[in-house]
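Engineer: Okay, predicted coordinates and the sequence, questions at the end:
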Amino acid sequence: MDPSPTPARATPGNSLTQLIDRFSTLLLREPDDRNELLKLLHGAHERNLVDAEALTIIEGALTVSEMTVRDIMVPRQQLQTLSAGQPLAQTIRKVIDSGHSRLPVMGEEEDDVRGVILAKDLLRSIGNSNFRLEDWLRPAMFIPESKPLNVLLREFRISHTHMALVIDEFGSLAGLVTIEDVLEEIVGEIEDEHDSAQLDTDIQLDATGRFRVKAQTPVAAFNDKFGCELDEREAQTIGGQIVHHLGRVPRRNESIELNGLLFRVVRADNRRLYSLMVEDLRHETSAQPIAAEGTGEDH
């Protein structure tokens, strides 16, 4: 018999242990600051200890820890709300048009938030002749603009709440934020079926007369539609033009005026743009109308 020892067979458990050991060795020295931590993580990625997606999520989580609700909330002026006194048919139509699963319900006073209505609750009330919207309301969660996003995410998880209304230092309604908004800052854009249906082509005419434009729209196509002369040498997509103009990635709901056009960021995360709302400030007939099926706006 061969007296030499038989090599140990690799098992999934052994591989995982080796991976943990290698990663632990890499992080054995505690980093002095956030930048050094990022360097260690990028080094781990280069050594195939952390894949690109995991690295992106970690970077997003670190970014969120330095942000507040004010940075990502949908401002009050852009909120879609329901009136407590409106009939069922009108309520259902507005919820469908919004594309959201929950909406704030307002009373007659300016800051009178009665609660939150869930679309699934409205489905249960169809056919009810004695329908009263206030009977189906759920309590609203109120938070200050200054609340850190990592704290808010923890509160969302603990309370099993998906949406919070934001109040300013005077107690007035300032905006709205959802758990999806926070998660998108960490993992990137989370697009649902409603988002996809709204923007099937690069440029679509909105019901308000403005245009919804995909950030990846080629500059040549955008120039042709709007009669612009944006320089393709600066960036080949309209989203790239906006980033080049600002020198950074703009945040959702941020507005930028460029070449007589007003751009409002509809969907974006901390790494890239996805869609824009474009309004022609030069004259109303500079761009030809485009037939469009989806015309709803996001929060």
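Structural biologist: Noted; the coordinates are in hand.

Engineer: going forward, measure contacts between C-alpha atoms and count neighbours the same way
Structural biologist: OK.

Engineer: which residue ranges form the helices in this structure?
Structural biologist: Per DSSP state H, the chain carries helices over the ranges 12-26, 34-46, 52-64, 69-72, 88-98, 119-125, 149-159, 179-187, 193-198, 219-226, 238-246.

Engineer: would you turn those into TSV with mean pLDDT, distance to residue 131 and mean neighbour count?
Structural biologist: Formatted as TSV, those follow (pLDDT from 0 to 100; distance: least, Cα to Cα, whole Å; neighbours: other Cα atoms under 10 Å):
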stretch	mean pLDDT	distance to residue 131	mean neighbour count
helix 12-26	55	57	12
helix 34-46	79	54	15
helix 52-64	79	41	16
helix 69-72	88	35	20
helix 88-98	83	7	15
helix 119-125	84	7	13
helix 149-159	93	28	15
helix 179-187	84	29	20
helix 193-198	48	27	14
helix 219-226	92	47	16
helix 238-246	90	46	19
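
Engineer: Figure out which of the ones you listed is closest to residue 140.
Structural biologist: helix 149-159 (11.7 Å; Cα to Cα).

Engineer: so how far is the closest one off the chain centroid?
Structural biologist: 17 Å (Cα atoms, centre = their mean, to the nearest Å).

Engineer: Summarise which helices and strands it is packed against.
Structural biologist: Contact here means 3 or more Cα pairs under 8 Å, 6 or more residues apart in numbering; DSSP states H and E; on that basis helix 149-159 packs against helix 179-187.

Engineer: Any chance you could list what contacts the helix it packs on?
Structural biologist: 56-61, 63-64, 72-73, 149, 153, 156, 161-163, 190, 269-270 (Cα atoms under 8 Å, 6 or more residues apart in numbering).

Engineer: now the end-to-end length of stretch 106-116.
Structural biologist: Start and end residues of stretch 106-116 are separated by 9 Å (Cα to Cα, to the nearest Å).

Engineer: Can you list the buried residues in it?
Structural biologist: For stretch 106-116, a neighbour-count test (16 or more other Cα atoms under 10 Å) marks 106, 113, 114, 115, 116 as buried.

Engineer: my guess is the third one meets residue 106, correct?
Structural biologist: Yes: if you go by Cα atoms under 8 Å, residue 114 and residue 106 touch, sitting 5.5 Å apart.

Engineer: overlap in contacts of the two?
Structural biologist: residue 84.

Engineer: middle-most residue in the protein, spatially?
Structural biologist: Geometric centre of the chain, nearest residue: residue 181, 4.5 Å, by Cα atoms, centre = their mean.

Engineer: List just the nearest of the buried residues of stretch 106-116 to residue 35.
Structural biologist: For the buried residues of stretch 106-116, the nearest to residue 35 is residue 116 (41.1 Å; Cα to Cα).

Engineer: distance of that closest one from residue 259?
Structural biologist: In terms of Cα to Cα, residue 116 sits 41 Å off from residue 259.
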